[in-house]
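Colleague: model the following, please.
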Amino acid sequence: MILVLGIGNPGPEYKDTRHNVGFMILDNVAEAMDIRFGHSSYRAMAATGRHAGRAFTLLKPLTFVNLSGDCARLAVSGLGVDPASGLLVVTDDADLEPGVFRFRRGGGSGGHNGIESISAAVGNDYTRLRVGVGRSGGRLRDHVLSPFAEDEMGVMADAINGAAHSVVDWIAYGLTYCQNAYNKKTVTGGNQQPIERS
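Modeller: Below is the predicted model:
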């Protein structure tokens, strides 16, 4: 089983904020794969499917960002997932410019409370897909809980689409392929063709 966990906050007031990029990307994947999210026993909304012969589960925690590890712990245990090979966490990253996304396995949290919570729950050895949301001159908390500026909308739409493609490729081909295919991209890395189901 492959597990993809998108970091974000539940509720309509957070729907379009920078902190919810992980949810946006998983929604894109689910729509393209024609699967639906429903309530699960993992304190998350979950959607399951198969791609390239591999079963996968998409999770959007209901625990809020700072307690993302509670959901991760329950899902990893319940689904029998090895975090080192079978867990991808999709997260916003204020240290990357809007539109940029990168795959990395392990490493620090960069001050992201959701990543800190997940690492405390399941260990540090899992893959992250870090999606740039940039920084502003104000408080970081206010920045990540705000929507994207109008002049960022186009690049972020491309980035979310491209990142959704990269999630599907990670399910099929794994980390090394995705690092080679996507980490060298400097803006969106987006393949604008529809995601193909298999």
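
Colleague: contacts, neighbours, all on C-alpha from now
Modeller: OK.

Colleague: beyond the helix or strand bottoming out on mean pLDDT in the chain, next helix or strand please.
Modeller: Using mean pLDDT, DSSP states H and E, the weakest-scoring helix or strand in the chain turns out to be helix 140-144, at a mean of 77. Next along the chain after helix 140-144, taking DSSP states H and E as the criterion, comes helix 153-173.

Colleague: what's the following helix or strand after that following helix?
Modeller: Later in the chain than helix 153-173, the nearest helix or strand by DSSP H and E is helix 175-182.

Colleague: mind giving me the packing neighbours of that following helix?
Modeller: Applying 3 or more CA pairs under 8 Å, 6 or more residues apart in numbering; DSSP states H and E, one finds that helix 175-182 makes contact with strand 101-105, helix 153-173.

Colleague: for the chain, what spans make up the helices?
Modeller: In chain order, the chain shows helices spanning 21-33, 68-79, 83-86, 113-122, 140-144, 153-173, 175-182, with DSSP state H as the criterion.

Colleague: what would the helices and strands packed on helix 175-182 look like in JSON lines with mean neighbour count, mean pLDDT and distance to G123?
Modeller: JSON lines is the format used below for the helices and strands packed on helix 175-182 (neighbours: other CA atoms under 10 Å; pLDDT from 0 to 100; distance: least, CA to CA, whole Å):
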{"stretch": "strand 101-105", "mean neighbour count": "22", "mean pLDDT": "95", "distance to G123": "12"}
{"stretch": "helix 153-173", "mean neighbour count": "21", "mean pLDDT": "94", "distance to G123": "20"}
